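1. structural data only, the sequence is not supplied:
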């Protein structure tokens, strides 16, 4: 007989669970010795718990028989066992928490490093708030799935083994009566488990959307206020929160419903045992102390029983979170090293684009049959309408994307045959919004050159024009900038970015709208520093301001149809009507 659809779905779910579990298991294997120690303390804790329960019941039989001296002896043994028990409890809890933190740290670092490796194109569809949710709460759930739940299951299994053994040793008949309730618990778990998985997956999804909305809103408070959108944004936030709250309450309703109904079954089992036990005391001479120990074992047995029943529920929720974390590792970079890739060695610094075609998935061709040559040490300006392909050309140079046809060479070497890391090491990039961490200026400089000396950092800051305002700060290079520190102007941030580029000392320089967000005075100061920086380097200047490209050796004008027209500024002004119109229009507006 073939499996029913429900049985087939269960098999698939189990297969998926073990596949996900095995993926995250290596992050715990590095601490396998400490995992063994935790299991050892759990064994000791379970043995001493079993002894404690037996020692609690013994005095009742001794008191009933008038053996008061033996009662004192049992109590002394109980004190000793309690001390040992608490020692095991302290050790297992402390080491378990230590292991959990190390696991979370490894997994978060690995996920973040993978996002770094995938880079912007591969992770562009992910919202930052949702990624933060995956790196925090979802990673904690993975730790729960890989470490905490297995530790609890080991503890519950040992407790079940020892306590059931004691129950059968005390009275096999009462033990069999108690085991009659096990099928009910299994059926109970089967009713709640699948629902918990589906609800928890939806909750994590909605919680991620809420965090993404909050991150986007908080990063643009000024923009919201400028369009008087506070009320509308608050209303949208309320809608997002309501969805997350709705599914969160469903998940909690299932958790509480499961816990309450399970507790009711366990209490009912205890009541039945008491009724049967009374009859055993009357007809079979069952001791009061044995009855007390039996009821204690049975009562404490509810902990592992609940644990085994709740574990699938817990794992269903953790599995949903683990799938979201695994989705990060499933991201693939658009470009990868070939098997025999070699490090790039730059000898002169010449670049050629040979019959290059490129289009984004589902988009119109941005570059078609492009053939360009950039001479070593030359400064070329990339200009044209927005979306014409200027920044795309720079991304192709650094292999954030690969062309669909043709190739790009540096000193005659196809960049697809060299390692991506060695390729990007040859480029200094200054963006319109520079990447400056909310940390000290020194930390930001060392980010691009970890072995930079004090004199090298000072020289780079002097050349970039940043040293003058840095020396005016209270802590100089050790001044914290950004959130929680000194707020700098746009021009000051750009000068720090230029100092970073000076420290990198790469043969190629890309300036992507590096001065477009600055006022006229700041632009003049930054341009002077950029002119110093580009000396002796092959430089690409991406700009909308035509006034900022007059010093370029040549201009690459992106026509918007996939073709590029090349010439000097004066040549294009005379021969290219669209270029002339754009220059005149911008000159009139700036005037």
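-> Great, that's in hand. As the structure is a prediction and not an experimental result, all values here were calculated from the model. Residues are numbered from 1 along each chain as shown.
2. what residues are up against residue 45?
-> Residue 45 makes contacts with 85, 88, 89, 92, 155, as judged by C-beta atoms under 8 Å, 6 or more residues apart in numbering. C-beta here means a position set from N, CA and C on the backbone, and glycine is covered the same way.
3. what's the separation between it and residue 574?
-> Using C-beta to C-beta, to the nearest Å, we find residue 45 at a distance of 88 Å from residue 574.
4. residue 237 now?
-> Note on residue 237: its distance to residue 574, by C-beta to C-beta, is 55 Å.
5. assign a three-state SS to the residue nearest to residue 30 when sequence neighbours are not counted, would you?
-> Among residues not flanking residue 30 along the chain, residue 106 sits closest, at 7.3 Å (C-beta to C-beta, 6 or more residues apart in numbering). State at residue 106, reduced to three classes by DSSP: H, G, I helix; E, B strand; the rest coil: helix.
6. tally of neighbours for residue 106?
-> 18 (other C-beta atoms under 10 Å).
7. hmm, residue 27 and it touching each other?
-> Yes. Residue 106 is within contact range of residue 27, at 4.6 Å (criterion: C-beta atoms under 8 Å).
8. residue contacts, the nearest residue to residue 37 once chain neighbours are set aside?
-> Nearest non-adjacent residue to residue 37, counting by C-beta to C-beta, 6+ apart: residue 95, 6.1 Å away. Residues counted as contacts of residue 95 (C-beta under 8 Å, 6+ apart) are 34, 37, 38, 41.
9. from those residues, pick the one nearest residue 474.
-> Nearest to residue 474 out of the contacts of residue 95 is residue 34 (C-beta to C-beta; 45.0 Å).
10. what's the neighbour count on that closest one?
-> Neighbours of residue 34 under the rule other C-beta under 10 Å: 15.
11. oh, and call the first residue 28 from now on, that's how I've got it
-> Shifting the count to begin at 28 puts that one at residue 61.
12. and the helix or strand containing it, average pLDDT?
-> Assessed by DSSP states H and E, residue 61 sits inside helix 59-92. The average pLDDT within helix 59-92 is 84.
13. what do you get for stretch 46-56?
-> Taken as a whole, stretch 46-56 carries a mean pLDDT of 88.
14. check stretch 206-223 too.
-> When pLDDT is averaged over stretch 206-223, the result is 72.
15. for this structure, which segments count as strands?
-> Per DSSP state E, the chain carries strands over the ranges 378-385, 394-401, 406-411, 432-437, 440-441, 454-457, 535-539, 565-569, 581-585, 591-594.
16. can you check which of those strands gets nearest to residue 345?
-> For residue 345, the closest of the strands of the chain is strand 454-457, at 40.3 Å, according to C-beta to C-beta.
17. neighbouring strands - and their directions - for the closest one?
-> With DSSP bridges as the test, strand 454-457 is paired with strand 535-539 (parallel).
18. please pull out the lowest mean pLDDT helix or strand from the chain.
-> helix 248-253 (a mean of 62; mean pLDDT, DSSP states H and E).
19. just curious, which of the contacts of residue 122 is nearest to residue 273?
-> Nearest to residue 273 among the contacts of residue 122: residue 65, at 38.2 Å, using C-beta to C-beta.
20. and that closest one, how far from residue 52?
-> The spacing between residue 65 and residue 52, counted by C-beta to C-beta, is 16 Å.
21. neighbour-wise, which of the two wins?
-> Just comparing residue 65 and residue 52: by other C-beta under 10 Å the higher neighbour count belongs to residue 65, 22 against 11.
22. make TSV from the strands of the chain and add mean pLDDT, mean neighbour count and distance to residue 83 to it.
-> Shown next, in TSV, are the strands of the chain (pLDDT from 0 to 100; neighbours: other C-beta atoms under 10 Å; distance: least, C-beta to C-beta, whole Å):
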stretch	mean pLDDT	mean neighbour count	distance to residue 83
strand 378-385	94	18	77
strand 394-401	93	18	81
strand 406-411	90	23	82
strand 432-437	94	18	79
strand 440-441	94	14	78
strand 454-457	87	22	71
strand 535-539	88	23	74
strand 565-569	90	24	78
strand 581-585	92	23	84
strand 591-594	92	18	87
